[in-house]
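>>> Pasted the sequence and its predicted model underneath.
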Amino acid sequence: MLKPLSAQHDVDSLKNILNHYPNQDTIRVQLLNQLGLEYWIIDPVVADEYGNEALRLAEKLNYMQGTAFALRVLGVANWTRGNYELGLIDLLKSRSAYQKLNDELGVANCHLNIGMIYADQGIVNRALENYRQALDGFEKAGRSDRIATAYNKMGEVYIRSQSYSQALEYLLKALAIHEKNGFIYGVGESNNRLGELFLAKKEYDEALSYFLKAVSISEKLNDADGMARGFLDLGRAYLAQANYSKANEYLRKGEKIAREVGAKKWLRDTYQTLRVLAEETGRWKEANAYATMYITMKDSLFNEQMANRIAEIEKRNELAAQEKELEALKNEAIFLSTQNELNRNLKFALAAAMLLLLVSAYLFINRQRLRIKKDRIIYESQQEMANLALQKARLEQSKLEQELATRDKELTSYTVNFIRKNEVINSLKERVQDLKKSLAKSHSKEVQQLMQLANSIQDVDKDWEEFRLYFENVHTDFFKNLNQKFPQLSAGELRLAALIRLNLNLKEISSVLGISPNSVKTARHRLKKRLNLDKEESLLAYLIQMDQTA
């Protein structure tokens, strides 16, 4: 549901409708919530204003759906500005409201946003737990767009925990779904996270390519938060390459946008990166200034969170006190009115009626309590059964993951031994060749026998059949998918594709195939052409994606 519009005129249209809509009803709540939703990537401060107005009106109308949505808008607006504690409070309230409404998609969206807050604070386990719960809900609802968004978030967490292979697989899945659905915002987000992945792996050209695509999309969408983050990422990538002028250019752009929209977390990180840039270029005075600005912004974020929390608590206490005082005044007014209007006999009749009413109310409340207690017992029983089923599913999933890990370990072990054996044999061949040059012709027969022995040990076809068994045990449909899409591939090209899928380097591949590194380079280039890939496309990334194709 949280899917911002791509054009400013759509936001302007909503504002125009709102300005000409006079009624204080549920439709107005929906308009306010939609505007808050659209503004969280343009200006989170404005999004917060619309969310608060929607929340007040929804609560006044007792419109639960509007209340749940408004709380979620507020939660995401607070997350965007770095107010994590307030954002978490709002999102937990939103999730509770959606649960009461039995709105599974709303609950899943809340889990996704809660995971984003935990991820930003580096609490990896809680983030992944919420992302998986969100993914379950999106799969039940058949929402491929939200599934892709969850994949993006999970890929981001795996980057931070340095699980790069898992991160790449999730991000490529997300990018493929978003491109298929034509969801431009999601495509931009996937490109940004892929840039972060390759930056973490120190593959800077790949990182810059993805970051530039992401920033271009953010500019088209007028996504201020995305631009602030994207320019910061470009600055970090150029800084890693020691391209200081480009780094400074993009960091300045990001700083300006982050300051304009109040994106304090990106402003904080930009100051930190500018400090590093100043240090590396020997501008120590600027470095100290940026260090001070970074600390000030970091403290400001913390103090703002605490101040907002205190204000929230005080507001609640004040409202509660006002409600109690109003209730007391109402009761007093009723009592005085009764005293003035009723005579003695009427008072006795009223007392009798009140007694009868109290007895009836007591009996009714007692029945209601018994029914609620019964319903609670049934609910708790159902909840326990659901928890047991969930635990069983998790155990089965864990068992499958362990089995896959064991197969992967066996494949890795076999591949390493395969490479080492071939390296030893190749070394032996080189020594035999040296002996052949240095020994007399009378020994040429013995030298030839040694070479034949080495060649018989290095039986590439036999070794390949064993390797293929281990490989297909882990990557079940890899060869099937390749053969279906590219039936013209030779056996040698299939071997090379499998070795590249395992992310082996040139030397390791040349050792396995028994050819020179230059020959491996030529074979890689030829395979890329056979797969119809452009020069700038990553062969490894394509083969991983092919491995995931069902």
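Right, received. Where do you want to start?
>>> give me every residue that touches the nearest residue to residue 535 once chain neighbours are set aside.
Setting aside the residues directly before and after it, residue 535 is nearest to residue 528 in space (CB to CB, 6 or more residues apart in numbering), at 8.0 Å. The C-beta positions use only the backbone N, C-alpha and C, and glycine is treated the same way. Residues counted as contacts of residue 528 (CB atoms under 8 Å, 6 or more residues apart in numbering) are 535, 537, 539.
>>> Serialize those residues to TSV and add fields for secondary structure and pLDDT.
Below are those laid out as TSV (DSSP: H, G, I helix; E, B strand; the rest coil; pLDDT from 0 to 100):
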residue	secondary structure	pLDDT
535	coil	79
537	coil	83
539	helix	86
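>>> just those now: which is nearest residue 141?
Nearest to residue 141 among those is residue 537, at 33.5 Å by CB to CB.
>>> Residue 162 versus that closest one, what's the distance?
Distance of residue 537 to residue 162, computed by CB to CB, to the nearest Å: 25 Å.
>>> Same check on residue 112?
For residue 112 relative to residue 162 (CB to CB), the value is 23 Å.
>>> pLDDT of the helix or strand where residue 391 lies, averaged?
Element membership of residue 391 [criterion: DSSP states H and E] is helix 344-438. Average pLDDT, helix 344-438: 67.
>>> Equivalent analysis for stretch 297-315, please.
Stretch 297-315 comes out at a mean pLDDT of 57.
>>> what do you get for stretch 190-200?
Predicted confidence along stretch 190-200 averages 91 (mean pLDDT).
>>> returning to that earlier point: type out the ChimeraX command that picks the buried ones from the contacts of residue 528.
Applied in ChimeraX, the following selects the buried portion of these according to 16 or more other CB atoms under 10 Å:
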select :539
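>>> Need the contacts of residue 528 in TSV (columns: distance to residue 511).
Output for these, formatted as TSV (distance: CB to CB, whole Å):
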residue	distance to residue 511
535	27
537	26
539	19
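>>> Residue 52 against residue 73, yeah?
No. Judged on CB atoms under 8 Å, residue 52 makes no contact with residue 73 at a distance of 9.1 Å.
>>> Compare neighbour counts for those two and give me the winner.
residue 73 (28 against 16; other CB atoms under 10 Å).
>>> residues touching the more buried one, list them.
Contacts of residue 73 (CB under 8 Å, 6+ apart): 33, 36-37, 40, 47, 50-51, 54.
>>> Try it again at 6 Å.
Contacts for residue 73 were tallied using CB atoms under 6 Å, 6 or more residues apart in numbering; they are 33, 36-37, 51.
>>> sorry, back to before: for the contacts of residue 528, which one is nearest residue 517?
Using CB to CB, residue 539 comes nearest to residue 517 of the contacts of residue 528, at 16.0 Å.
>>> what about the closest one, distance to residue 546?
Applying CB to CB, the value for residue 539 to residue 546 is 10 Å.
>>> And residue 149, by the same measure?
Taken as CB to CB, the span from residue 149 to residue 546 is 23 Å.
>>> Give me the more crowded residue out of the two.
Shown here are residue 149 and residue 546; by other CB under 10 Å, residue 149 has more neighbours (27 against 18).
>>> Figure out the helix or strand that the more buried one lives in.
helix 144-160.
>>> Packing partners of that helix?
helix 124-141, helix 164-181, helix 184-200 (3 or more CB pairs under 6 Å, 6 or more residues apart in numbering; DSSP states H and E).
>>> could I get these as CSV with distance to residue 480?
What follows is those, written out as CSV (distance: least, CB to CB, whole Å):
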stretch, distance to residue 480
helix 124-141, 25
helix 164-181, 18
helix 184-200, 27
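>>> more crowded one of residue 112 and residue 162?
The neighbour comparison of residue 112 against residue 162 (other CB under 10 Å) goes to residue 112, with 23 against 9.
>>> dump the residue contacts of the closest residue to the more buried one other than its chain neighbours.
Leaving out its chain neighbours, the residue that sits closest to residue 112 by CB to CB, 6+ apart is residue 134, at 3.9 Å. Counting by CB under 6 Å, 6+ apart, residue 134 makes contact with 108, 111-112, 150.
>>> Could you measure from residue 134 over to residue 149?
From residue 134 to residue 149 the distance is 9 Å (CB to CB).
>>> what's the angle from the helix or strand hosting residue 220 to helix 184-200?
In this structure, residue 220 is located in helix 204-221 according to DSSP H and E. Interaxial angle of helix 204-221 relative to helix 184-200 (axes from the mean of the first three to the mean of the last three CA atoms, to 10 degrees): 160 degrees.
>>> Show me the one of the helices and strands packed on helix 144-160 that comes nearest residue 78.
helix 124-141 (16.4 Å).
>>> For that closest one, buried residues please.
For helix 124-141, a neighbour-count test (16+ other CB under 10 Å) marks 127-128, 130-138 as buried.
>>> Same check on stretch 494-507?
Neighbour-count burial for stretch 494-507 flags 494-502, 504 (criterion: 16+ other CB under 10 Å).
>>> do the same with stretch 226-241
Quick answer for stretch 226-241 (16+ other CB under 10 Å): 226-239.
>>> same question, stretch 467-480
Neighbour counts over stretch 467-480 (16+ other CB under 10 Å) mark 467, 470-471, 474-475, 478-479 as buried.
>>> Can you lay out those residues as CSV showing distance to residue 95?
Converted to CSV, the buried residues of stretch 467-480 look like this (distance: CB to CB, whole Å):
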residue, distance to residue 95
467, 49
470, 45
471, 44
474, 38
475, 38
478, 40
479, 45
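>>> right, and residue 287 touches residue 280 too?
No. Between residue 287 and residue 280 there is no contact under CB atoms under 6 Å: 9.0 Å.
>>> who's more crowded, the two?
More crowded of residue 287 and residue 280, by other CB under 10 Å: residue 287, with 18 against 13.
>>> show me what contacts the more buried one?
Applying CB under 6 Å, 6+ apart, the residues near residue 287 are 275, 278-279.
>>> let's see 10 Å
274-281 (CB atoms under 10 Å, 6 or more residues apart in numbering).
>>> Tabulate the residues you listed (JSON lines), appending pLDDT and distance to residue 123.
Below are these laid out as JSON lines (pLDDT from 0 to 100; distance: CB to CB, whole Å):
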{"residue": "274", "pLDDT": "91", "distance to residue 123": "27"}
{"residue": "275", "pLDDT": "91", "distance to residue 123": "26"}
{"residue": "276", "pLDDT": "92", "distance to residue 123": "25"}
{"residue": "277", "pLDDT": "90", "distance to residue 123": "29"}
{"residue": "278", "pLDDT": "90", "distance to residue 123": "31"}
{"residue": "279", "pLDDT": "89", "distance to residue 123": "30"}
{"residue": "280", "pLDDT": "90", "distance to residue 123": "31"}
{"residue": "281", "pLDDT": "89", "distance to residue 123": "35"}
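>>> Scan the residues you listed and report the most crowded one.
residue 274 (27 neighbours).
>>> Once you drop chain neighbours, what's closest to that one?
Going by CB to CB, 6+ apart, residue 274 has residue 290 as its nearest residue, at 4.6 Å.
>>> Can you report how many residues lie near that neighbour?
Neighbour tally, residue 290, other CB under 10 Å: 21.
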